[in-house]
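S.K.: make a model of this:
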Amino acid sequence: MIFGIDGGGTNSRIRLEDEKGNLFAEAIGSSTNIYSVGAKTVEYNLKNLIQSACGKCKIEPIEISSCCIGSAGLDR
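M.R.: Next up, the predicted model:
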């Protein structure tokens, strides 16, 4: 399983797919912009986002083999 996160200043989205690109889950969560909400909140929001997607397709986060995260605020 692979996930991608589009992290924003207001909300963030995750897609969870297999290696062939088959979609298993999508979820929307809170901000992952470290300059807007702080590091602890970003960590909390990322964990919730990943757990939400995993819960939708009944897998454990340990089953994810790779990921890509793009988030607002990372270029500073």
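S.K.: look at the closest residue to residue 30 other than its chain neighbours and give its secondary structure.
M.R.: Excluding the flanking residues, the one nearest residue 30 by Cβ to Cβ, 6 or more residues apart in numbering is residue 45, at 4.4 Å. Yep, even glycine has a C-beta here, placed from its N, CA and C like the rest. Put simply, residue 45 is helix when judged by DSSP: H, G, I helix; E, B strand; the rest coil.
S.K.: please report how far residue 45 lies from residue 71.
M.R.: As defined by Cβ to Cβ, to the nearest Å, residue 45 lies at a distance of 10 Å from residue 71.
S.K.: overlap in contacts, these two.
M.R.: Common contact partners of residue 45 and residue 71 (Cβ atoms under 8 Å, 6 or more residues apart in numbering): 12, 32.
S.K.: by mean pLDDT, flag the weakest helix or strand of this structure.
M.R.: helix 34-37 (a mean of 90; mean pLDDT, DSSP states H and E).
S.K.: show me what contacts residue 3?
M.R.: Counting by Cβ under 8 Å, 6+ apart, residue 3 touches 14, 15, 16, 17, 50, 53, 64, 67, 68.
S.K.: ok so it is a helix residue?
M.R.: No: secondary structure of residue 3 (three-state DSSP): strand, not part of a helix.
S.K.: distance of residue 45 from residue 18?
M.R.: Counting by Cβ to Cβ - residue 45 and residue 18 are separated by 25 Å.
S.K.: which of the two has more neighbours?
M.R.: It is residue 45, of residue 45 and residue 18, that has more neighbours when counted by other Cβ atoms under 10 Å, with 19 against 12.
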